[in-house]
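J.: fold the stuff below for me.
(one chain, ligands or ions: 1)
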Amino acid sequence: MSSKQFSVEEVAAHNKEGDLWVIIDSRVYNLSKFAAMHPGGLSVLLEEEVAGKDATEAFFSLHRYEVLERPQFKRLVIGSIAGQKQQIFPRASGELSKIPYAEATWLTSGYFSPYYKDHHRKFQAAFRKFVEDVIVPDGRAREEDGKRPSQSVFDEMAKLNIIAMRLGPGPHLKGLELMGGIVKPEEFDYFHELIMGQEISRAHARGYNDGLGGGTYIGLPPIMNFGKPELAKRITQEVFAGKKLCALAITEAFAGSDVAGLRCHAKKVDGGYIVTGTKKWITNGTFADYFTVGCRTDQGGLSVLMIERGPGVETKQIKTPYSTTAGTAYITFDNVFVPADHLLGKENQGLQVILSNFNHERWGMTTASISAQRLIVEECLKWVSQRKVFGKPLHSQAVIRSKIAAMISRVEAAQNWLESVTYQMNHMSYKDQANHLAGPIALLKKFATETAQETARDAVQVFGGRGITKTGMGRFIEHYHRTVPFDAVLGGAEDVLGDLGVRQALRKMPKDARL
Ligand code: HEM
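T.: This is a model prediction of the structure:
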């Protein structure tokens, strides 16, 4: 970038077509050639208060900061105004945001939390930097082109054992060096996993988030915990090394939350099973290598089989509102032979295998959903401060402040409930979690996704047309509003979860309780 210094008067002389300069945040841009190609048109740049003038305010009410960071636009800078200093700085990679409520309380300067220790803080700082340096650029690109997340990202994640850590605390972490040694395997707890879930949302790329191991998060635990030791070891090692991916293939066009209604059939034959049937809405299905498949057996029971991609296994993309980078698939199994030792758990006792991971899955989805909601609060706070209406910031309108108040309250309530549930998880065995937390986790997820949708709707109102436009200032709002139903449906639809939560509570009602 040029270090040449200009005076305001010098810039003012360049105020016409073919000779057009503007000042943005103390830097001088020569737009003489670019003006004709400007996506917002030439005429707006030739206006009296823009051409040759300080256009900082006009610029930031119409563009995101990232426009100035694009290399083709950085090149337009020819110097800066003598005696002026740059005032507006983007947040550097890995840094915390200084916008109020943009970070959870424990990450906000001047506040305290009983839950997080020093190693959680170090872990968060390192993991955010990794997300912003490695995941966000790939996330943005793949969200656009719809290709599966790049192999290089899986390789980088594997080096730090991020894929293993994504599955949460447990014996699978034993002996691994986690995040370059920042946290010891025996220290790693559900708050570390919460941090990962929350940081990974930062790409504003909901489809990519699922593409990046969403299938493994739910498809690998049944293999790891219920597979024959040799099979479990082989697949776990391949997946942790970033070489292979899993998908959980339970839902069908015939049966969704109603797991008992599955039709995919496993016929017992010599040495194994022959599987025939279909599966729908399978996350990562278009590119996964291993499928954890719920099948009906000859006796009508449910068994879970690990099926490897191969002859007779076909996966087709399903188009959904989010990017195909998630790999959402329709799968057909056509007379696929599955060896007997690929059975997970016991024959006809598959329900237990499938249900065993549900609470963890729902809790994990909630971590990411709440941080995505928080990013929207940050977007809105920035927008209402920099956007001017009738000569005043948008936040001068009481109705806007009221919407922001509701947004902040929702996300804070959801985060605080999440942290309280996470603390319980840290102190309970997996079995006790199932007993005590299935209900609260179901209700928490329902609460988080309902509040997410309210915030998505409010954010669109605050951003107006920009909130329904795929590029430009409101692009993250548009993305959020379009993709937020995924959180509300995947892992259990809101009504199903609400019902589950209340039924669990009713089961625990003391017999002697009366008004
Ligand atoms: C360095 C100078 C500038 C660059 C590189 C630039 C670049 C762009 C780009 C890339 C867009 C497409 C939308 C987006 O990606 O956000 C855009 C839109 C636009 N620009 Fe600029 N611009 C510059 C200065 C200005 C200035 C000074 C004005 C003053 C009025 C202006 C007015 C607009 C308008 C009205 C739009 C359309 C916005 C919309 O669709 O919401 N631009 N500009």
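J.: I'd guessed residue 365 sits against residue 487; true?
T.: Yes. The pair residue 365 and residue 487 passes the contact test of Cβ atoms under 8 Å, sitting 6.1 Å apart. All C-beta spots, glycine's among them, are computed from the backbone N, C-alpha and C.
J.: settle it for me: which of the two has more neighbours?
T.: Remark: of residue 365 and residue 487, residue 365 carries more neighbours, 26 against 22, as counted by other Cβ atoms under 10 Å.
J.: what residues does the chain put near the ligand?
T.: Contacts of the chain with the ligand, taken as Cβ under 6 Å from any ligand atom, map to 22, 24, 29, 31, 38-40, 44-45, 50, 55, 58-59, 62-64, 67, 73, 76, 471-472.
J.: which of the residues you listed count as buried?
T.: Taking 16 or more other Cβ atoms under 10 Å as the criterion, what is buried in these is 22, 24, 29, 31, 45, 50, 55, 58-59, 62-64, 76, 472.
J.: could you dump the residues you listed to a markdown table with pLDDT and secondary structure?
T.: As requested, those are arranged in a markdown table below (pLDDT from 0 to 100; DSSP: H, G, I helix; E, B strand; the rest coil):
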| residue | pLDDT | secondary structure |
| --- | --- | --- |
| 22 | 98 | strand |
| 24 | 98 | strand |
| 29 | 98 | strand |
| 31 | 98 | coil |
| 45 | 98 | helix |
| 50 | 97 | coil |
| 55 | 97 | coil |
| 58 | 93 | helix |
| 59 | 96 | helix |
| 62 | 94 | coil |
| 63 | 95 | coil |
| 64 | 95 | coil |
| 76 | 98 | coil |
| 472 | 94 | coil |
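J.: please name the residues that touch the residue lying closest to residue 213 once chain neighbours are set aside.
T.: The shortest distance from residue 213 to any non-neighbouring residue, by Cβ to Cβ, 6 or more residues apart in numbering, is to residue 166 (5.9 Å). By Cβ atoms under 8 Å, 6 or more residues apart in numbering, residue 166 lies in contact with 193, 196, 213, 216, 217.
J.: ok, now residue 443?
T.: 497, 498, 501.
J.: and it, which helix or strand is it part of?
T.: In this assignment (DSSP states H and E), residue 443 forms part of helix 430-463.
J.: buried stuff in the very next helix or strand once past that helix?
T.: Using DSSP H and E, the next helix or strand after helix 430-463 towards the C-terminus is helix 475-489. Across helix 475-489, burial judged by 16+ other Cβ under 10 Å covers 475-481, 483-488.
J.: circling back: nearest to the ligand, of the contacts of residue 443?
T.: residue 497 (38.2 Å; Cβ to the nearest ligand atom).
J.: with adjacent residues omitted, what lies nearest to that closest one?
T.: Going by Cβ to Cβ, 6+ apart, residue 497 has residue 442 as its nearest residue, at 4.0 Å.
J.: could you report the neighbour count for the one you found?
T.: Counted with other Cβ under 10 Å, the burial measure for residue 442 works out to 26 neighbours.
J.: can you give me the pLDDT of it?
T.: pLDDT for residue 442: 98.
J.: not counting sequence-adjacent ones, nearest residue to the residue of the chain found nearest the ligand?
T.: Nearest residue of the chain to the ligand, counting by Cβ to the nearest ligand atom: residue 40, 2.3 Å away. Distance criterion Cβ to Cβ, 6+ apart; nearest residue to residue 40, sequence neighbours excluded, is residue 62 at 6.7 Å.
J.: just confirm the one you found contacts residue 41, I think it does.
T.: No. Look at residue 62 against residue 41 with Cβ under 8 Å: they stay out of range, at 11.4 Å.
J.: re earlier: now the contacts of residue 166 as TSV including secondary structure and neighbour count?
T.: Converted to TSV, the contacts of residue 166 look like this (DSSP: H, G, I helix; E, B strand; the rest coil; neighbours: other Cβ atoms under 10 Å):
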residue	secondary structure	neighbour count
193	helix	21
196	helix	22
213	coil	26
216	helix	25
217	helix	24
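J.: wait, which of the residues you listed is closest to residue 144?
T.: residue 213 (19.7 Å; Cβ to Cβ).
J.: and the closest one, its phi and psi?
T.: Note on residue 213: its backbone torsions stand at phi 90, psi 10 [degrees, to the nearest 10].
J.: do I have it right that it meets residue 245?
T.: Yes. Counting by Cβ under 8 Å, residue 213 touches residue 245, with 7.1 Å between them.
J.: give me the common contacts of these two.
T.: Joint contacts of residue 213 and residue 245 (Cβ under 8 Å, 6+ apart) are residue 284.
J.: and stretch 86-103, what's buried?
T.: For stretch 86-103, by 16+ other Cβ under 10 Å, it's 97, 101, 102, 103.
J.: ah, wrong one, I meant stretch 455-472
T.: 455, 456, 458, 459, 460, 462, 463, 466, 467, 472.
J.: looking at those, spot the one nearest residue 134.
T.: residue 472 (26.0 Å).
J.: phi and psi next, for the closest one.
T.: Taking degrees, to the nearest 10 as the convention, residue 472 sits at phi 90, psi -160.
J.: excluding sequence neighbours, find me the nearest residue to it.
T.: Nearest one to residue 472, counting by Cβ to Cβ, 6+ apart, is residue 466 at 5.9 Å.
J.: distance of residue 446 from residue 241?
T.: Using Cβ to Cβ, to the nearest Å, residue 446 is found at 36 Å from residue 241.
J.: pick out whichever of those two has more residues nearby.
T.: Legend: neighbour count by other Cβ under 10 Å for residue 446 and residue 241, higher for residue 446 (23 against 15).
J.: and that one, how far is that from residue 198?
T.: Separation of residue 446 from residue 198 (Cβ to Cβ) stands at 19 Å.
J.: low-scoring pLDDT stretches of this structure, where are they?
T.: 1, 257 (pLDDT under 70).
J.: could you chop it up by domain?
T.: The record assigns the chain these domain ranges, following automatic domain parsing: 5-81, 107-212, 240-354, 357-507.
J.: could I get these as CSV with distance to residue 225?
T.: Listed next are the domains of the chain as CSV, based on distance: least, Cβ to Cβ, whole Å:
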stretch, distance to residue 225
domain 5-81, 43
domain 107-212, 9
domain 240-354, 8
domain 357-507, 8
